[in-house]
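Asks: What shape does this take:
(one chain, ligands or ions: 1)
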Amino acid sequence: MEDLQLQQMPNVTRRQLLIRGLYCECPNCGQAKLFKTPLRIHRYCPKCGMQIERGNGYYLGPLSINYSITVFTFVLPSLLLGFFDYITIKLALVVAFTGALLLPVLLYRFSWSCWLMIYYSCLTQELHANKTEDCDDLCFEKERRTRTQR
Ligand SMILES: [Zn+2]
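Replies: Numbering: from 1, shown residues only. Next comes the predicted model:
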């Protein structure tokens, strides 16, 4: 069993979070990728054990990032081009519909990574690496991780 290394980790800065977010790495340790397959995120980091996918609506962050980028950079501009007769309205609808189907899949990884980067940049104390050793939450998470690794 791999040691949890919680006490040895340095505090994670916002700059490190940004770099880890751009490379789709674990925001806590930066030693593991966020995804186990192209479209499946790890529930727990395979290196440090931090819970990445928290459930209970945590996916709404990446979903809203994904939706916003899709609508404001692709669907809306193509519809406006059709509305103002730069392209035909049929072409605008086809382009908007195709983009609305494909872009969320292409942006899935980026939106998850971006969400984690934003979340932990705003709440840096939520990262295990930034918690104090006597933190109750950290003890609970440590027990939970050792239970799941058996
Ligand atoms: Zn990690």
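Asks: Which positions in stretch 68-77 come out as buried?
Replies: In terms of neighbour count (16 or more other Cβ atoms under 10 Å), stretch 68-77 has its buried residues at 69-71, 74-75. No exception for glycine: its C-beta is placed from N, CA and C like everyone else's.
Asks: Distance from that stretch to the middle of the chain?
Replies: Mean C-alpha position of stretch 68-77 versus that of the full chain (Cα atoms, centre = their mean, to the nearest Å) differs by 20 Å.
Asks: shift numbering so it begins at 16
Replies: Shifting the count to begin at 16 puts that one at stretch 83-92.
Asks: Ends of that stretch, what's the gap?
Replies: One end of stretch 83-92 to the other measures 13 Å (Cα to Cα, to the nearest Å).
Asks: Pick the one among the buried residues of stretch 83-92 closest to the ion.
Replies: Looking at the buried residues of stretch 83-92 and their distance to the ion, the nearest is residue 84, at 25.8 Å (Cβ to the ion).
Asks: So for the helix or strand the closest one falls within, mean pLDDT?
Replies: Under DSSP states H and E, the secondary-structure element containing residue 84 is helix 75-85. For helix 75-85, the mean per-residue pLDDT is 94.
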